[in-house]
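Trainee: Here is the input, now give the coordinates:
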Amino acid sequence: MKKKYNYFVLFSIIFGLGFILFLPVFAQSTSTINVDYPSFLNSQSIPSFVSGLYNYAIGISGTLAIIMIIYGGIEYLASGGNESALGDAKDRIMSAIWGLLLLAGSYLILNTINPQLVSLNLISQPVPPMQTSGGTNNGGSTEQRSLLSQIASSILSKSPSEVIFSQSHDCSSGTDAKSIINDVSNGVLPFVCSPSCDCVRGGTSGSVNLSINMLETLDSIVCGTYSQGTVDLGTGMAPQAPGCVSPTPPQFMVTSLTGGKHATNSYHYQGRAMDIVVSSSKDPNVWDEFVKTLKQNGASFAKCEISGTFYDSCSSVFDGGNWKSGAHIHAQW
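Mentor: Here you go, the predicted model:
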């Protein structure tokens, strides 16, 4: 038995030395080695940093386990028959082997269940890149302002019974959703802010207004008079999304339009995005249905969001039967 164990120890030493000697060869064949510092330290997001740190720790732990196997093997062979030394060496070797098996097993199990569990790429999703066309934004021409004024007035005629516009603001007064929709309904260019709360009517270009497509979608959701085709447009421009949504979605609140603090290149500052809270429901399924309604009626992108992180399911923004602080639906056109 002891002779067989000696063979096992000798094999462990040879295997460990071979692994360490040939590791640079394997690594060089697949990627460039960063000899300065681990590449994950350059990560641009927390998930990628933690994922890189996890994979780095796995590699370090595996290497240390191999070193301990070699050390235990040498200790075993140099024990000179001392039972205490032999026992310590055996324990060291077996502990290192069990450590390797646990590392490999845990990684294999997580990767089998869902490969994203080992990459931490579960929920973080970036905002789609800014489009250079589409979304019919508006400008400041007389005809366009007249059209937007009529659609906004149609939407306000259903407020607050079906849609509420928030009067809270991150920046100065007049930049809240209520003030902005009122300005547009009166034919006035809305305030457009920046992340640092520099707010100017029409933005820096002086021509930014709310998207016609966005307001058409909003009007169809509340089944306003414009969506029913009873508004005299006076511009010769036919509605791009005629007809109202049926059945009418539950009461909701528009919390942000062109005002507030958003990302630097946010669609909000282009007049082509709004944030919404389904204030009448604490059911994430109702929020998911609202997201679906927005997409079916013209929104190019709509998802639940908290602090710049987007979720495929609105259940992710709920906790204990209520939505989390800062949770809302972000939609853009």
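Trainee: which residues does the closest residue to Leu156 other than its chain neighbours contact?
Mentor: Computed as C-beta to C-beta, 6 or more residues apart in numbering, the closest residue to Leu156 that is not its neighbour in sequence is Ser185, at 5.7 Å. Heads up, the C-betas are built off the backbone N, CA and C, glycines and all. Under the criterion of C-beta atoms under 8 Å, 6 or more residues apart in numbering, the contact partners of Ser185 comprise 149, 152-153, 156.
Trainee: other SSEs contacting the helix or strand hosting Asn213?
Mentor: Asn213 is located in helix 212-221, with elements delineated by DSSP states H and E. Other helices and strands packing on helix 212-221, by 3 or more C-beta pairs under 8 Å, 6 or more residues apart in numbering; DSSP states H and E, are helix 142-156, strand 273-277, helix 284-296.
Trainee: Using a markdown table, please lay out the contacts of Ser185 together with distance to Thr112.
Mentor: Shown next, in a markdown table, are those (distance: C-beta to C-beta, whole Å):
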| residue | distance to Thr112 |
| --- | --- |
| Ser149 | 58 |
| Ala152 | 53 |
| Ser153 | 57 |
| Leu156 | 54 |
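Trainee: Let me see the ranges of the strands in the chain.
Mentor: Across the chain, reading from the start of the chain, the strands by DSSP state E fall at 163-165, 191-192, 200-201, 252-256, 273-277, 301-306, 309-311, 318-319, 322-323, 328-332.
Trainee: Can you lay out the ones you listed as JSON lines showing mean pLDDT, mean neighbour count and distance to Tyr56?
Mentor: What follows is these, written out as JSON lines (pLDDT from 0 to 100; neighbours: other C-beta atoms under 10 Å; distance: least, C-beta to C-beta, whole Å):
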{"stretch": "strand 163-165", "mean pLDDT": "96", "mean neighbour count": "20", "distance to Tyr56": "49"}
{"stretch": "strand 191-192", "mean pLDDT": "96", "mean neighbour count": "25", "distance to Tyr56": "44"}
{"stretch": "strand 200-201", "mean pLDDT": "95", "mean neighbour count": "15", "distance to Tyr56": "47"}
{"stretch": "strand 252-256", "mean pLDDT": "97", "mean neighbour count": "22", "distance to Tyr56": "40"}
{"stretch": "strand 273-277", "mean pLDDT": "98", "mean neighbour count": "24", "distance to Tyr56": "38"}
{"stretch": "strand 301-306", "mean pLDDT": "96", "mean neighbour count": "21", "distance to Tyr56": "29"}
{"stretch": "strand 309-311", "mean pLDDT": "95", "mean neighbour count": "18", "distance to Tyr56": "24"}
{"stretch": "strand 318-319", "mean pLDDT": "94", "mean neighbour count": "14", "distance to Tyr56": "32"}
{"stretch": "strand 322-323", "mean pLDDT": "94", "mean neighbour count": "15", "distance to Tyr56": "36"}
{"stretch": "strand 328-332", "mean pLDDT": "97", "mean neighbour count": "24", "distance to Tyr56": "34"}
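Trainee: And the pLDDT at Trp287?
Mentor: Turning to Trp287, the model gives it a pLDDT of 97.
Trainee: let me fix that: Gln240
Mentor: Per-residue pLDDT puts Gln240 at 47.
Trainee: who's in contact with the closest residue to Cys171 other than its chain neighbours?
Mentor: Residue nearest to Cys171 in three dimensions, not counting chain neighbours: Cys197, with 3.8 Å by C-beta to C-beta, 6+ apart. With contacts defined as C-beta under 8 Å, 6+ apart, the neighbours of Cys197 are 170-172, 261.
Trainee: same thing with Ala65?
Mentor: Neighbour list for Ala65: 96-97, 99-100, 103 [criterion: C-beta under 8 Å, 6+ apart].
Trainee: now those: which count as buried?
Mentor: For these, a neighbour count by 16 or more other C-beta atoms under 10 Å gives the buried set as 96, 99-100, 103.
Trainee: can you redo those as a markdown table with pLDDT?
Mentor: Below are those laid out as a markdown table (pLDDT from 0 to 100):
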| residue | pLDDT |
| --- | --- |
| Ala96 | 81 |
| Gly99 | 80 |
| Leu100 | 78 |
| Leu103 | 76 |
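Trainee: Of those residues, just say which sits nearest to Val277.
Mentor: Of all the buried ones among the contacts of Ala65, Val277 sits closest to Leu103, with 44.7 Å by C-beta to C-beta.
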